[in-house]
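A.B. asks: What shape does this take:
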Amino acid sequence: MNTTVINIRTQVSVKKSAQKVAEELGLSLSSLINGFLKHLIKTKKVTFSVREEPSEYFIRAIKEAEEDVRKGRVSPSFTNAGDAIAWLNDPKAKYVYQLRKKVQKKLR
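C.D. replies: Residues are numbered from 1 along each chain as shown. As a prediction, this is how the structure comes out:
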């Protein structure tokens with residue numbers, strides 16, 4: 001087989017991490033890159049798959065938002081941006097839950 005050398009620049013940590021992953025898959029980094037290049041030639045597409053884990057901040061924010069929804073601390077729904085902005089700027093604006101409580105008190 002006729003071969004050639006390709007030199008690339010990458011961070012040392014990227015190379016070491018890629019070598020570790022390749023090793024875990026039972027491959028050399030060279031064979032992994034060759035597989036990528038052959039796939040590129042065959043499909044003419046570059047495919048990346050990134051599985052990202054949410055940060056602790058994001059997880060806390062989601063939990064806080066879910067708690068707000070459970071407790072009814074959500075804004076009413078709007079059909080246009082102007083109404084939403086007006087509601088945000090209105091010092092007397094009430095959350096949906098607060099409006100429901102007020103209506104329920106009137107009904108009693």
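A.B. asks: could you pull out the helices for this protein?
C.D. replies: Counting by DSSP state H, the chain has helices at residues 12-24, 29-43, 56-70, 81-89, 96-107.
A.B. asks: Least reliable of these by average pLDDT, please.
C.D. replies: The minimum mean pLDDT among the helices of the chain belongs to helix 96-107 (a mean of 54).
A.B. asks: State the distance from residue 88 to residue 70.
C.D. replies: Residue 88 sits at a distance of 22 Å from residue 70 (criterion: C-beta to C-beta, to the nearest Å). For glycine as for every other residue, the C-beta is placed from the backbone atoms N, C-alpha and C.
A.B. asks: Could you do residue 82 as well?
C.D. replies: Applying C-beta to C-beta to residue 82 and residue 70 gives a distance of 29 Å.
A.B. asks: Break this structure down into its structural domains.
C.D. replies: With domains defined by automatic domain parsing, the chain comprises 1-46, 72-108.
A.B. asks: sorry, back to before: figure out which of the helices of the chain is closest to residue 1.
C.D. replies: Ranking the helices of the chain by proximity to residue 1 (C-beta to C-beta) places helix 29-43 first, at 10.8 Å.
A.B. asks: tell me what the closest one is packed against?
C.D. replies: Applying 3 or more C-beta pairs under 8 Å, 6 or more residues apart in numbering; DSSP states H and E, one finds that helix 29-43 contacts helix 12-24.
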